[in-house]
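Show me how the following folds:
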Amino acid sequence: MASTAPNAQQVPPPIDLKQDDSGKGEINQPVVEGKSTANSSAARSPSDFLKSVLGRPVRVKLNSGIEYRGVLACLDGFMNIAMEQTEEYMDGQLRAKYGDCFIRGNNVLFISAQTKRR
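Sure, this is the predicted structure:
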């Protein structure tokens, strides 16, 4: 008898957002065959948004109220974020500048595209 391994994983692997084109908005799921909503007039999914801001300036607000502004370098299925050229703001005031910044995903309140770098 051949034993089968369970399909469920305890920890989802890091994802490559460029490969997730399922159109379902599930950024930590494997790519499945199907239509993409990226080029359609349908509403954009969170996955589509994250793909579009990768490598561009973003604002990341944490649950604590601290805001980070910088270039989104990468992220994974847990919303762990790596940023470059990062600035830390508290109550709208610039507090610190960092070259690289890593943010644990459970602290993230939202990610917003920045229209321009300040």
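
mind listing the strands in the protein by residue range?
Using DSSP state E, the strands of the chain run over residues 57-62, 67-75, 81-90, 93-103, 108-113.

And the contacts of the fourth one?
Looking back up the chat, that one is strand 93-103. Under the contact criterion C-beta atoms under 8 Å, 6 or more residues apart in numbering, strand 93-103 has outside partners 60, 62, 68, 70, 73, 80-89. Glycine gets a C-beta too; all of them are placed from N, C-alpha and C.

Quick check, pLDDT for the closest residue to N80 other than its chain neighbours.
Residue nearest to N80 in three dimensions, not counting chain neighbours: G105, with 4.5 Å by C-beta to C-beta, 6 or more residues apart in numbering. Predicted confidence (pLDDT) for G105: 94.

For G105, which residues are in contact?
Applying C-beta under 8 Å, 6+ apart, we find G105 in contact with L75, D76, F78, M79, N80, I81.

surely S64 meets V108?
No - counting by C-beta atoms under 8 Å, S64 does not reach V108; the two are 10.7 Å apart.

what's next to stretch 79-90, contact-wise?
Taking C-beta under 8 Å, 6+ apart as the rule, stretch 79-90 contacts 58, 60, 65-75, 94-106, 108, 111, 117-118.

swap the cut-off to 6 Å and go again
Outside stretch 79-90, the residues that touch it by C-beta atoms under 6 Å, 6 or more residues apart in numbering are 66-75, 94-98, 100-105, 108.

What subset of the residues you listed is buried?
I66, E67, Y68, R69, G70, V71, L72, A73, L75, C101, I103, V108 (16 or more other C-beta atoms under 10 Å).

returning to what we had before: buried subset of the contacts of G105, written for PyMOL?
Filtering the contacts of G105 down to the buried ones (16+ other C-beta under 10 Å) takes a single PyMOL command:
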select buried, resi 75+76+79+80+81
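
Quick check: the farthest pair among the contacts of G105?
Of all pairs drawn from these, the greatest distance, 9.7 Å, lies between F78 and I81 (C-beta to C-beta).

of all the buried ones among the contacts of stretch 79-90, which two lie farthest apart?
Using C-beta to C-beta, the pair of these lying farthest apart is I66 and A73, separated by 18.7 Å.
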